[in-house]
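In: Got a sequence here, can you build the structure:
(one chain, ligands or ions: 1)
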Amino acid sequence: MPAEEFVAGWISGALGLVLGHPFDTVKVRLQTQTTYQGIIDCMVKTYRHESLLGFFKGMSFPIVSIAVVNSVLFGVYSNALLALTATSHQERRAQAPSYTHVFIAGCTGGFLQAYCLAPFDLIKVRLQNQTEPRAQPGSPPPRYRGPVHCAASIFQAEGPRGLFRGAWALTLRDTPTLGIYFVTYEWLCHQSTPDGQNPSSATVLVAGGFAGITSWVTATPLDVIKSRMQMAGLEQRAYRGLLDCMVSSVRQEGLGVFFRGLTINSARAFPVNAVTFLSYEYLLHSWG
Ligand SMILES: C[N+](C)(C)CCCC[C@H](N)C(=O)O
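Out: Residues are numbered from 1 along each chain as shown. All right, here's what the predicted structure looks like:
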């Protein structure tokens, strides 16, 4: 089984993450704090008070986890295509796989990465939702002191299964939308590249960026549901299941609930996935 795809996926995931982290910080701050008037206001205030470093707070945990997850995604995707079409990454430019094969391989990668992502994502969401202001003398400390403490507390209270809360919604979110991710990428590359040639760097950047946006736009409704189910364990608000969560969210907040965070997610998705695909292609090309 070719291993380079896993390594290239690892490095490209980490690079994409560094670029996307500032957007993620702004998103989390807007979602959890009321002191900002909008995206720009939040950026200006963060920069003024904390300099550029403020945008990169809390990056160490996601950088390790996203690298692992991206490595599984790209590694499984490429090896699934190899199994389906008997072509390696290098041969695929001359002998393009069908979009059906690309979709199936993307879904397989998406399905398997969802299980690796589930515990990391749960911890990220729980930590991002701790809105208590910074510890002041006398105020109770936040429930979780950091990622390791968060994982240990969930494990103690609920056992290993607790770490997979919301995993089912995450799998439903990621399996089809990562199929869409790779189909969009391959289709856009194919549109602007003469047959048999490698796509230019500009093409890879744009195709990767749009693949990220398409995938996030289609994933957002289940993203909202997934996050709510992950928080349910904490908030004593038990949903009977995924459908129950969907129905009660729509009843209370209307259909708009399915599009929460869409703008900032899309703004983040373009640079992150442009860089992820560019570095992935570049690494495999230079090793091949
Ligand atoms: C399938 N879904 C849209 C949820 C994720 C797509 C993942 C792509 C990339 N790791 C990123 O963080 O943007």
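In: Can you pull the poorly scored residue ranges out of the stretch 151-288 of the chain?
Out: Along the stretch 151-288 of the chain, segments meeting pLDDT under 70 span 233-237.
In: let's go with 80 and repeat that
Out: Applying pLDDT under 80 to the stretch 151-288 of the chain flags residues 232-238, 260-261, 288.
In: For it, what lies in contact range of the ligand?
Out: 173, 174, 177, 178, 181, 212, 215, 216, 219, 269, 272, 273 (C-beta under 6 Å from any ligand atom). (C-beta placed from N, C-alpha, C; glycine too.)
In: Recalculate using a threshold of 5 Å.
Out: 174, 177, 212, 215, 216, 219, 269, 272 (C-beta under 5 Å from any ligand atom).
In: show me where the stretch 51-200 of the chain has helices.
Out: 60-85, 99-128, 147-158, 167-191 (DSSP state H, counting those that start in this stretch).
In: is it true that residue 113 touches residue 177?
Out: No - counting by C-beta atoms under 8 Å, residue 113 stays clear of residue 177, with 11.4 Å between them.
In: Of those two, which one has the most company?
Out: More neighbours surround residue 113 than the other of residue 113 and residue 177, with 26 against 21 (other C-beta atoms under 10 Å).
In: From residue 225, how far out is the single nearest residue of the stretch 51-200 of the chain relative to the ligand?
Out: The stretch 51-200 of the chain approaches the ligand most closely through residue 177 (4.0 Å), counting by C-beta to the nearest ligand atom. Distance, residue 177 to residue 225, by C-beta to C-beta, to the nearest Å: 13 Å.
In: again with residue 210
Out: Residue 210 is 25 Å from residue 225, by C-beta to C-beta.
In: Neighbour count: the two, which is higher?
Out: When residue 210 and residue 225 are compared on other C-beta under 10 Å, the one with more neighbours turns out to be residue 225, at 23 against 18.
In: For the ligand, see how far away that one is.
Out: 12 Å (C-beta to the nearest ligand atom, to the nearest Å).
In: next structured bit after the host helix or strand of that residue?
Out: Per DSSP states H and E, residue 225 falls inside helix 201-235. Next helix or strand after helix 201-235 toward the C-terminus (DSSP H and E): helix 242-253.
In: Please work out which residues outside that next one touch it.
Out: 168, 169, 172, 224, 225, 228, 229, 232, 239, 257, 258 (C-beta atoms under 8 Å, 6 or more residues apart in numbering).
In: Weed out the non-buried ones from those residues.
Out: 169, 172, 224, 225, 228, 229, 239, 257, 258 (16 or more other C-beta atoms under 10 Å).
In: List the residues that contact the second one.
Out: Contacts for residue 172 (C-beta under 8 Å, 6+ apart) come out as 222, 242.
In: swap in the third one?
Out: For residue 224, the contacting residues are 249, 257, 258, 259, 260, 261, by C-beta under 8 Å, 6+ apart.
In: Filter these down to the ones in helices?
Out: residue 249 (DSSP state H).
In: Hmm, residue 265 is touching residue 26, no?
Out: No - with contact defined as C-beta under 8 Å, residue 265 does not reach residue 26; the gap is 11.4 Å.
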